[in-house]
Structures are given as C-alpha cells and as structure tokens.
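>>> Whatever this is, show me its structure:
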Amino acid sequence: MKYRHLFILLVLFVTSCTSGNTKVSSITNSSTDSLNNITGISSKEDANYWYNNKAEITSYKLTQARYGELHEGTAVFVFVTEPFSPSSNTKADIKHVDNVSVLKLNQTRKFTTGVYPYSIMTSTFFPFKKGDHSLKTSSSCQEWCGHTYMELRNEKKMFEVKLNSYFEGESYSNTKMDKALLEDDIWSMIKIRNQNLPTGNLMMYPSMSYSRLAHIDYKPYNCELTILPRFNYNTYQIHYPELERTVTINYLAGGTFEIQSWTETYLDGFGSDRKILTTKAEKMKTINSAYWQKNHLSDSTLRKKLNL
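Sure, this is the predicted structure:
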C-alpha cells in the first residue's frame, strides 16, 4: 500500500517542454485528493485546468518606456505546471519524491528602440501549495549593446542572487540576501493564490527586468500594496515611494483570473530625457496549447491566433 501511494504521488507531477516523460492529461476523481495534498488546489475544475497537459498563453500589445520615449512591441505570458527539482534547481526530468509541483511563468517582452531591438525574459517557479516565494527566479535581457543574466535561488534561510552583466560594475556578483516578497511572483499569486494576495505596507524586491533596465540595486524596497475591486475585475497596485514607481495589474475577478492589462509608471530615461512615463500592456489573445509540441512550420498558424 505504501508503494502504491508513492506511485500515485509521482505520477501526478506534470512535465512540459520535453519528450519521453509521462504527462497527466486530466485529473480523475480517484486522484483529486492526492493532487490537493500536493498542490493545495481546492476544486476539480482548477485541477483539470492546470493539470491538463497544456499551457495558458496570453499575448499583449506592449508600449514600453525606454530612453525617455515610448516604444511599441509585444509581450507574452506562458503559464504552465511542471515538477521542479530542488536539488538541481531546474525542471525535474526524473521523478522523485522531493520534486515540487510549481506554476511556471515565462514572461517575454520584445520591442525596438531606434535601430536596435530588446528581448527580455523572466522565469518564475512558484510552488502550488507551500511557500511565499518562487523556488527560482531568473531574468535575461538582450540588446545590441550586450546582455545580462540574473538568477535568484530560494535557499532555506536566504536568497542567493547571482548577476552576470555586460555593464561595468554589475558583473559576476553573488550575494546572500534576506527574504522578502518578490514582485515577479505577484502574477502567479493572482492565478493560484488570489484569495490571499499580500496587502499593506511591506518590503518587496522590484521585478528583475525593471531593476536591470533602471540599473538599481536589487534589494527589498518599502512598498504599498492595494487591491481595488472593480465591476467584474480587480486592480492590484504596487507603489514604491522611494523608487517613484507604481505597477497596476488588472485581472478578472473569477474563473482563471486572466490578466487583462498592466501598467508601470516610473522615471525613465537619462539626463535631460528623464521623465515620468508609463509602460502599458493590453491583452490581445489567450489560447491553451501544448506549445512544446508545436514546433513545425505548420504550427506557425498559432502565432497568428495570438496576433504575433
């Protein structure tokens, strides 16, 4: 009996972006209780949505502040469940009882400044059931001047933050830091912890992408967190007084809590071009797809569905 329960726990971990691994296509009545024990999911409907061997992919029309001007582009959010290996600090390709079921978010932004393009990607691995921080967060930014890579590892007592950068003074740092809320986790919290979103005056690490674009120290800053109920959606607001930066996230107040739009208002630019600007993103399209299997030329039609 002990081994039978162990087998059930192992099977429930879903693997994506790889081939040759067992995948869970749906949640049966007999396995719902076991899944609840692992993930904290409260309903079969939620379980079937997040463990159906598909990702939720949403495209956004992006207007990005950079160099004191606004630039048009696109953003994409990819939410997908997968098992995470704490020992290797990566997605787990080998089943193990220590693997943690996470909601992974890959968030991309692409825009062009003048003649040269930017490509930014942030990945978070947020645990479904226990913990207030992603087990791992990473972010990279590429543009023609150079590129940066930043990674946070959630250790037992501290965060371990590594930064490799093209820019002088930012390269090859490896720092132990106190734990605090991560702005990059708020998106996943909205999706699966929407009844327990943090509010009030708290310390929070700003998003990795903002910290690198603004070239500020990556550390916790005091912020004011507020939920503003609307007609059929909520607005989650993050305000950093010291940074003069405000983030607002508009999401549906039910269902899968789809993120409809967001804004970031802050001082942007350098020297005489420095001014208050607002980055904006508005939802274009959401699809559910096992995108890791859609890698042939014939699958490019899915990009048209996303208006990409």
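>>> State the three-state secondary structure for K191.
helix (DSSP: H, G, I helix; E, B strand; the rest coil).
>>> The residue lying closest to M189 once chain neighbours are set aside: neighbouring residues, count only.
In this structure, M189 finds its nearest non-sequential neighbour in L197, 5.7 Å apart by CB to CB, 6 or more residues apart in numbering. Just so you know, the C-beta spots here come from the backbone N, C-alpha and C atoms, and that holds for glycine as well. L197 has 15 neighbours, counted by other CB atoms under 10 Å.
>>> Identify the residues contacting L197.
Applying CB atoms under 8 Å, 6 or more residues apart in numbering, we find L197 in contact with 186, 189-190, 225, 227, 236.
>>> now G146
Listed by CB under 8 Å, 6+ apart, the contact set of G146 reads 165-167.
>>> Would you mind checking the contacts of L197 for buried ones?
186, 189-190, 225, 236 (16 or more other CB atoms under 10 Å).
>>> how far away is the residue nearest to L105 when sequence neighbours are not counted from H133?
The shortest distance from L105 to any non-neighbouring residue, by CB to CB, 6+ apart, is to T124 (4.9 Å). To H133, T124 is 9 Å away according to CB to CB, to the nearest Å.
>>> intersection of neighbour lists for these two?
182, 185.
>>> that older thread, tell me which two of the buried ones among the contacts of L197 sit farthest apart.
Across these, the longest distance by CB to CB is 12.3 Å; it joins I190 and L225.
>>> before we move on, what SS does F84 have?
F84 - assigned by three-state DSSP - is strand.
>>> picking that back up, right, and out of the contacts of L197, which lies closest to D93?
M189 (26.8 Å).
>>> so what's that closest one up against?
Going by CB under 8 Å, 6+ apart, M189 touches 126, 196-198.
>>> Of the contacts of G146, which is the most crowded?
Going by other CB under 10 Å, S165 tops the contacts of G146 with 18 neighbours.
>>> how near is the spatially most central residue of the chain to S171?
With distances taken as CA atoms, centre = their mean, the residue of the chain nearest its centroid is L105 (3.7 Å). Per CB to CB, L105 is found 27 Å from S171.
>>> Adding distance to D98, pLDDT and secondary structure, write the contacts of M189 out as CSV.
Shown next, in CSV, are the contacts of M189 (distance: CB to CB, whole Å; pLDDT from 0 to 100; DSSP: H, G, I helix; E, B strand; the rest coil):
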residue, distance to D98, pLDDT, secondary structure
F126, 17, 95, strand
N196, 25, 89, helix
L197, 28, 94, coil
P198, 28, 95, coil
